[in-house]
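Asks: coordinates only, sequence not included:
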């Protein structure tokens, strides 16, 4: 029997029992739609995290404090801080693979504007290279320069969130903010960066020369981290290896001693941030895939009923020359067509559901062609798998017994 004829017979049979066919395909529709929505949410979250990681900077290398050892107890990362300004200066002088290096000193406290508005946010003491490393553009004013750093001038640059909450619609340029009772003059406002991969607001910060922050606000010699920028993306790994050697020499570590610092890059940060997202996406897709199995069982059930109802029809077909293979293909194609129709409706439901979730929650959703293809392929496979037994049962009927069936 020709494929066109098999498909025509299958569609005719489905049209004959429209309501029953729709209810049978409902499990496939919900399953495919749910898989697409869940995977779209997961891919959207991953895309958002990767964008946030890229917003951190250009070919960035991050050096942070290492772990401490007390007796047989090892502390967590960052529990032993020996990073100093001298480390950053040594990296700047000796590194061949990093174009920019900046220390980062952190201070926290209440910020007060000239109009009396209070705000709490971190203050970052950095070098002029920080702007290039983070690839942070200015929306107004300018970044401080090397003369400001050397002269320990009390100038600062505000993030968008701080500028809005302290000054509102008024321009903050030239105005003062009080950081721990120390007045700083605002010389610029940073362009908006948005949320980081961890969900924190990257615009809720104040940036000032690290010399001023260390002397006026921090009051300690150790620094939070050192940021560097490799010459090119291809040199990031070489820059990391070079930074480890320079840092070990700066800290006078022997060959038998472990690093008292950590060196990471954007790829490490991205892998750590997206790992949990990928696991959650797979888990959600597997849960949604259960609906496809339930839908497949529904198809098998209704095909068995269909075989029973059409026993006499099968007998007549065999009596006028239809072979068991023709009967097998007829019912198998019917199951696959029903499953594929459910899959197509499920794809439409998935696209609509993803758009609705994105609009209601503000979460990004990304649907790729591979996901749709896999969902449709799986729905067809469900039709073959669960439709084979009823089709085989129909093909195995004895024509004489089938004609006698009432």
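Replies: Yes, it's here. Since this is a predicted model, take the numbers as computed values, not measurements.

Asks: Could you double-check that residue 112 lies in contact with residue 118?
Replies: Yes - at 5.4 Å, residue 112 and residue 118 qualify as touching, with contact defined as C-beta atoms under 8 Å. The C-beta positions use only the backbone N, C-alpha and C, and glycine is treated the same way.

Asks: Just want to know which of these two has more residues nearby.
Replies: Ranked by neighbour count (other C-beta atoms under 10 Å), residue 112 and residue 118 place residue 112 first, with 18 against 11.

Asks: Look at the more buried one and give its secondary structure.
Replies: Under the three-state scheme (DSSP: H, G, I helix; E, B strand; the rest coil), the conformation of residue 112 reads as strand.

Asks: can you check residue 258 too?
Replies: State at residue 258, reduced to three classes by three-state DSSP: coil.

Asks: Next, the contact list for residue 207, please.
Replies: By C-beta atoms under 8 Å, 6 or more residues apart in numbering, the residues touching residue 207 are 123-126, 130, 156-159, 190.

Asks: Identify, from these, the entry nearest to residue 166.
Replies: residue 158 (7.6 Å; C-beta to C-beta).

Asks: how about that closest one, what does it touch?
Replies: The contact partners of residue 158, taken as C-beta under 8 Å, 6+ apart, are 166, 172, 177, 186, 188-190, 206-207.

Asks: same question, residue 165
Replies: Residues near residue 165 by C-beta under 8 Å, 6+ apart: 117, 119.

Asks: wait, is it part of a helix?
Replies: Yes - if the criterion is three-state DSSP, then residue 165 is within a helix.

Asks: tell me the SS of the residue lying closest to residue 180 once chain neighbours are set aside?
Replies: In space, not counting the residues next to it along the chain, residue 180 is nearest to residue 109; the distance is 4.7 Å by C-beta to C-beta, 6 or more residues apart in numbering. Counting by three-state DSSP, the backbone at residue 109 sits in strand.

Asks: From residue 121, how far off is residue 109?
Replies: 9 Å (C-beta to C-beta, to the nearest Å).

Asks: Same check on residue 219?
Replies: Taken as C-beta to C-beta, the span from residue 219 to residue 121 is 19 Å.

Asks: ok, these two, which is more surrounded?
Replies: Neighbours around residue 219 and residue 121, counted as other C-beta under 10 Å, are more numerous at residue 121. The numbers are 21 against 10.

Asks: what about the helix or strand harbouring that one, distance to the chain center?
Replies: Assignment of secondary structure by DSSP states H and E places residue 121 within strand 118-126. Relative to the mean C-alpha coordinate of its chain, strand 118-126 is positioned 28 Å out (C-alpha atoms, centre = their mean, to the nearest Å).

Asks: mind listing the strands for this structure?
Replies: If you assign secondary structure with DSSP state E, the strands in the chain sit at 60-65, 69-70, 73-74, 98-113, 118-126, 138-141, 155-158, 176-179, 182-190, 206-209, 225-230, 261-265.

Asks: circling back: neighbours of the residue nearest to residue 180, how many?
Replies: Neighbour count of residue 109, defined by other C-beta under 10 Å: 15.

Asks: Residue 123 is in contact with that one, correct?
Replies: Yes - distance between residue 109 and residue 123: 7.3 Å, which falls inside the contact criterion (C-beta under 8 Å).

Asks: Tell me the residues that contact both of the two, please.
Replies: Taking C-beta under 8 Å, 6+ apart as the contact rule, residue 109 and residue 123 both touch 179, 217.

Asks: what's around residue 208, how many residues?
Replies: 28.

Asks: repeat for the one 4 residues further on
Replies: Counted with other C-beta under 10 Å, residues neighbouring residue 212 total 25.

Asks: Where among the strands of the chain is average confidence lowest?
Replies: Within these, the least confident segment by mean pLDDT turns out to be strand 73-74, at a mean of 46.

Asks: can you pull the contacts of the nearest residue to residue 103 once chain neighbours are set aside?
Replies: Nearest non-adjacent residue to residue 103, counting by C-beta to C-beta, 6+ apart: residue 88, 4.0 Å away. Residues touching residue 88, when contacts are defined by C-beta under 8 Å, 6+ apart, comprise 101-103, 127, 223, 226.

Asks: Retrieve the pLDDT associated with residue 88.
Replies: In the prediction, the pLDDT value recorded for residue 88 is 92.

Asks: How about residue 239?
Replies: According to the prediction, residue 239 has pLDDT 90.

Asks: Could you do residue 402 as well?
Replies: For residue 402, the model assigns a pLDDT of 54.

Asks: Around residue 234, count how many other residues there are.
Replies: Other residues within reach of residue 234 by the criterion other C-beta under 10 Å amount to 10.

Asks: re the thing from before, in the contacts of residue 207, which residue is surrounded by the most others?
Replies: Counting neighbours by other C-beta under 10 Å, residue 158 leads the contacts of residue 207 with 31 neighbours.
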